[in-house]
Structures are given as structure tokens and as C-alpha cells.
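Peer 1: Need a 3D model of the sequence below.
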Amino acid sequence: MDLELRHLRMICAIAEAGSVTKAAAALGLAQPALTTQLKRIERTVGGPLFHRGRRGTRPTPLGDLVLARARLVIPAVNGLHRDVTAFVGSARPGQFRIGATNGPVSGGLVQRLATAYPNSPVTMHATWSADEICARVLDGRLDYALVGACSPSIPSPDAGLVWQPVCVDPVWVLVGAGHRLAGRDEVPLAEFAGERWATAPGDGCFNDCFAAACARAGFTPPPPYEMDVASCIDLVAGGAAVVLCQGIVRPIPGVVALPLEGSPLRWRHLLGWDPAGPAAAGGPEVAALAVQSYLDVVAIRPRFAAWLGANPGFGAQPVTPPLSAARVSRR
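Peer 2: Just a heads-up that it's a prediction; the model follows:
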């Protein structure tokens, strides 16, 4: 693993907070996810960066060295990002460049933007990596990030973007039509103990959140197969695995989406942008169009729409002042 800017920001956050737990809350991460990332960073640099004791977390001599360099590098790179974003925005006006991970909103948002702004090109960069998208927004190659994260966390909290929630979906489970649970209206997560799982790749904390939900349900899942979405569906249809999915998932022949009792996992889509970049002024309007795009999809999913009607708090989210990492940590 190469040492990246986001790793330096994590190290600084831990030093400033005085504990990994407090730093995770400030960054909008699950504590186990930050601990795992810190161990990877320490392996990369060749030694421990922090002493952990009753009085909190203190830098080691190696940690002091890395922190001294990080506190010089981070402001310099932030300034470079601002200058590049301003230059690119002034040189290439009138565009909507969006990066998106897999979700229900991107197609409709492209259509709505093209309709509302017929003379402004709309481009979409699709990838499984939210971190990659956030990096592209910060360096001016994209205007907006349309990505997902476990609720209530935010993607790449150390990136410095602000976020507008678009929707909050329950996480359901896809099973084959012949699965033993396929006829149920909803199923406790515990009844999936012993199943094989498959998942699409991602770089957030979802796998950690899933493992924690399984632990609360009384079992430990085996490591999931990680593969593209189409291959996951093939495994489910063939009865070889089950897959976690968003409740708004489209109907798929041979596959059934089952709600989880009590909705132990939640997934939300967010639109993010650089608050210092030229696209920031249009952020709320683009977010509103994203919400409308989500509602368009709900309208053609009657089963999911009925579920939303019986479960307040899920579904489309009102456009409000965008979230930062600090605001998320207080929610």
C-alpha cells in the first residue's frame, strides 16, 4: 500500500483527538475501520505511529516525524486543489461532470440535467471507488460526487467535501426464487446464519458494518465473495449465495428481494462537492434534481413505495445545508 494524502489526514485526526475512537467519530468512520486503516499505514511506514495507554493515544517518535511532514503537506495540497479547481472551473464552464458509484439515481439525474440545461454537456464517470471519485472532485476533474455510504457516515470523510443526502434506503437481501426464505414478507438477519454471501467491491465501511450487524444477530458470516454486480446476481439466481442490496433494487427474474426485520443496516446516497470549488453554487439545485430522480424510481417500484409508506425516515431526504464530517460526528 502506498501512503496517500487521506492517510496523512487520518494520522493528524488521531493525534488531534487523542484517541482512535474520537478520531473515528470526527471522521464519520466506524472505529474498527479506522483501526484497520491505521494498522495498514503503520505497516507501510515500518513501525507504530502511536502509543496507546490509559491516558489516550500519543505519537511515537516515528509518529512525530510523520505528523511534522503531514502538517506541512496537507495545507500545501489543499491550496493546490483550490487553485486547480478554480482554474479548471474558469476554463471549462457550463458542464456537469459527475462521478457515481452503483445506485438508483445516476441515470435519472443525467436525464434531468440534460433536460434542464440542454446547452450544458453532462458526463458521467462510473466506478466502484468512492475514494477515487472524491479525489477527482478535489483536483477539479469532476464537479460532483454521487456515491453511497452506511448511514449516518459520509464517504471519504477526510477529503474535505460537503455532502447533501439524497435518500436513505434500507438494506435488503437478494435470494434465489427457490430459496427457503423467498416467500417471507421480511426476515430477521439471524435467519441468514450459515449462508454464503457475495458483494460488489467498495472502499467504505460497509463490510465492517455488516459484520457488526451479524454479530448483534448472533453469528459471524464467512468472508463474502467479492465480484461485479452481474456475477453476484448470477450466484444468487443459481442458489450459490445471497447478496445485500438496496431496498429500491429493480425486479430481477429468478431473484427475490427480502426486507430485513428492523432494518439493521441502512444505506444512503449523497451528492458531494468541493465547498471552495466553482460547482459549489449549483450543488443544492443538482441535489434537488437527484432527489427527484430517486422519486422517479420509487414511483415505478410499487412494493418498495409501499414499504416506505409504512417505514417513516427512509426514502428521499429534504435538501438542507450540506453536511461536513464535523456535523456528521454530532448526529
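
Peer 1: Low-confidence stretches in the stretch 1-150 of the chain?
Peer 2: In the predicted model, the stretch 1-150 of the chain carries pLDDT under 70 at residues 1, 81-94.

Peer 1: any idea how far the residue of the chain most remote from its centre is from residue 203?
Peer 2: Among the residues of the chain, the one whose C-alpha is farthest from the average of all C-alpha positions is residue 61, by CA atoms, centre = their mean at 34.0 Å. Residue 61 is 31 Å from residue 203, where distance means CB to CB, to the nearest Å. Where you see a C-beta, it was placed from the backbone N, CA and C, and this is true even at glycine.

Peer 1: quick revisit: can you pull the phi/psi pair for the residue farthest from the centre of the chain?
Peer 2: Here is the backbone geometry of residue 61 (degrees, to the nearest 10): phi -60, psi -40.

Peer 1: Residue 276 too?
Peer 2: Residue torsions, per degrees, to the nearest 10, at residue 276 are phi -100, psi 0.

Peer 1: what about it, how many neighbours?
Peer 2: With neighbours defined by other CB atoms under 10 Å, the count for residue 276 comes to 14.

Peer 1: Equivalent analysis for residue 259, please.
Peer 2: For residue 259, the count of nearby residues is 19 (other CB under 10 Å).

Peer 1: Surely it is in contact with residue 181?
Peer 2: No: shown here, residue 259 and residue 181 do not form a contact pair, counting by CB atoms under 8 Å, at 11.2 Å.

Peer 1: mind listing what the nearest residue to residue 186 once chain neighbours are set aside touches?
Peer 2: Excluding the flanking residues, the one nearest residue 186 by CB to CB, 6 or more residues apart in numbering is residue 259, at 4.2 Å. The neighbours of residue 259, taking CB atoms under 8 Å, 6 or more residues apart in numbering as the test, are 170, 172, 185, 186, 187, 247, 307.

Peer 1: What's the local residue count around the closest residue to residue 96 other than its chain neighbours?
Peer 2: Taking CB to CB, 6+ apart as the measure, residue 96 lies nearest to residue 122, with 4.6 Å between them; neighbours along the chain are not counted. Each residue near residue 122 was counted by other CB under 10 Å, and the total is 17.

Peer 1: Would you mind finding the longest strand in this structure?
Peer 2: strand 162-176 (DSSP state E).

Peer 1: for the next helix or strand after that one, the distance to its chain's centre please.
Peer 2: Toward the C-terminus, strand 162-176 is succeeded by strand 197-199 as the next helix or strand (DSSP states H and E). Taking CA atoms, centre = their mean, to the nearest Å, one finds strand 197-199 lying 17 Å from the centre of the chain it belongs to.

Peer 1: Check which helices and strands strand 197-199 sits against.
Peer 2: Using 3 or more CB pairs under 8 Å, 6 or more residues apart in numbering; DSSP states H and E, the elements in contact with strand 197-199 are strand 225-226, helix 229-237, strand 242-246.

Peer 1: Give the rounded mean pLDDT of it.
Peer 2: Averaging the model's pLDDT scores along strand 197-199 yields 92.

Peer 1: so what strands line up beside it?
Peer 2: Here the strand partners of strand 197-199, with direction, are listed using DSSP bridges: strand 225-226 (parallel), strand 242-246 (parallel).
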